Each structure stands twice: as C-alpha cells, then as structure tokens.
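Novice: output the structure for:
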Amino acid sequence: MKKLTYIFVIFSILFSCEDVIDIELNEADPRLVIEASIDWFKNTTGNEQSIKLSLSAPFFDESTPPGNDAVIEITDTNNNTFNFIEDGNTGIYRNTNFIPVIDQDYTLTINYNGDTYSATENLKSVVPIDFIEQNNEGGFSGEDIELKAFYTDPANIDNYYFFEFITEISVVPDLDVFDDT
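Specialist: Numbers count the residues shown, from 1 in each chain. Model (predicted):
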C-alpha cells in the first residue's frame, strides 16, 4: 500500500492541472511610439538613417500597427533639412543623404495626425573600445557567454554608454546603458 501511495503522489505531481487566469487589462487609445536616433557607424558615411513610427497596442496583441503618413524631417544648426520618406506602409521612414557632424545639434520634427512632435539633441562621438574580453563559462548557469568591453572614459565628464548586443539566437537585440561611475 505504501508503494501505491508514492506512485499516486508522484503521478499527481507530474500530471497536475493548471488553472487559466484571465487578466483584465485597461486599454487606451493608441499612442504614437517614436524610435529615432542618429547612428553613424565607423567606416561609413552615416548618410543612411531611419526612423520608426508605430502605435501602442494592447499587451496581448502579437503585432503593433505602423505609424503611417507622417511628415518627418531633421534640421541641423546650419538649417540643412533632411526629409524622411516612408518605406511602403511599414512605418519606417528613411533618408539616404543625411550629413552627420560630430558636436552639432539636430532637431527632429514629426507631424502625425495633426500633432507635432519635436526634439533637439547633440550628436556625440563615442570613445573607441580598447579591447573586448569573452568568458564562455559565465552567468548563473556557468554556460552563458559574458562580454566585457574595455574603453578609456574621459575624466571629469559625465558620460553614458549605450550597448546593443545582437545575436543569431534572439530576434530582439539586448540593449544596455551604463554610466561612467
């Protein structure tokens, strides 16, 4: 009888049922989501830039609708204007004649559905990476890959560093921001 009780307990643990819990989430009207940055990669001219517009969506939706039919431009301090044109109906707006200049201010202006969004930022250079160290036995499991980037941070200037880790395993890149402390 003891053996049968153990088998029954193990059987019930292995094949226990799960309760489905429906979560009622508040929904709001869609809001514009803007993904914009000036990216100038080493050994390129930096002339190809893109801005992505999408709309917020309910949490359980598998896709987000694109922000179509916007008018987007970036203006530099010399009043050069760079117009961004939508690529089909993707919500991705592109410009192929952008001229990036380090330490210059750029103003982004977006007109979408009668609303105007604007932001100004200064294009900063990044310090070069001195070297990268890889540990293939890292993390909690001892099987994760750890990367350490070494660079010389300028003294007495508050800096923040943005790292984008792209792998073939994950569709979405891992983004991290570090300060210089």
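Novice: what's near enough to touch Asn80?
Specialist: Contact analysis of Asn80 by CB atoms under 8 Å, 6 or more residues apart in numbering lists Ile99. Just so you know, the C-beta spots here come from the backbone N, C-alpha and C atoms, and that holds for glycine as well.
Novice: whoops, Leu53 was the one
Specialist: Leu53 sits next to 32-35, 66-68, 70, 72, 91-93, 110, 112 when contact means CB under 8 Å, 6+ apart.
Novice: pick the one among the residues you listed closest to Thr167.
Specialist: Glu35 (20.1 Å; CB to CB).
Novice: quick one: which helix or strand includes the closest one?
Specialist: Here Glu35, judged by DSSP states H and E, is contained in strand 32-36.
Novice: returning to what we had before: mind giving me the PyMOL select for the contacts of Leu53, buried ones only?
Specialist: In PyMOL, this line selects whichever of the contacts of Leu53 come out buried by 16 or more other CB atoms under 10 Å:
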select buried, resi 34+66+67+68+70+72+91+92+93+110+112
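Novice: got CSV for the contacts of Leu53, with pLDDT, secondary structure and distance to Glu24 too?
Specialist: CSV is the format used below for those (pLDDT from 0 to 100; DSSP: H, G, I helix; E, B strand; the rest coil; distance: CB to CB, whole Å):
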residue, pLDDT, secondary structure, distance to Glu24
Leu32, 97, strand, 25
Val33, 97, strand, 23
Ile34, 97, strand, 29
Glu35, 95, strand, 29
Pro66, 97, strand, 28
Gly67, 97, coil, 27
Asn68, 98, coil, 30
Ala70, 98, coil, 33
Ile72, 98, strand, 36
Gly91, 97, coil, 29
Ile92, 97, strand, 33
Tyr93, 98, strand, 36
Ile110, 98, strand, 33
Tyr112, 98, strand, 30
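Novice: sheet partners, orientation included, of the strand holding Glu35?
Specialist: Here strand 32-36 has these sheet partners by DSSP bridges: strand 49-55 (antiparallel).
Novice: distance between the partner strand and the chain's centre?
Specialist: Taking the mean of its C-alpha atoms, strand 49-55 sits 11 Å from the chain's own mean (CA atoms, centre = their mean, to the nearest Å).
Novice: same question, stretch 152-162
Specialist: Distance of stretch 152-162 from the chain centroid (CA atoms, centre = their mean) equals 21 Å.
Novice: again, but for stretch 79-86
Specialist: The answer for stretch 79-86 is 23 Å, by CA atoms, centre = their mean.
Novice: how about it as CSV, C-alpha atoms only?
Specialist: Taking Å, rounded to 0.1, in the frame of the first residue of the first chain, the C-alpha atoms of stretch 79-86 are listed here in CSV:
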residue,chain,number,x,y,z
ASN,A,79,19.4,74.9,-41.4
ASN,A,80,20.1,71.9,-43.7
THR,A,81,16.8,69.9,-43.7
PHE,A,82,16.8,66.1,-44.2
ASN,A,83,13.4,64.7,-45.2
PHE,A,84,12.5,61.2,-44.2
ILE,A,85,10.2,59.2,-46.6
GLU,A,86,8.1,56.2,-45.5
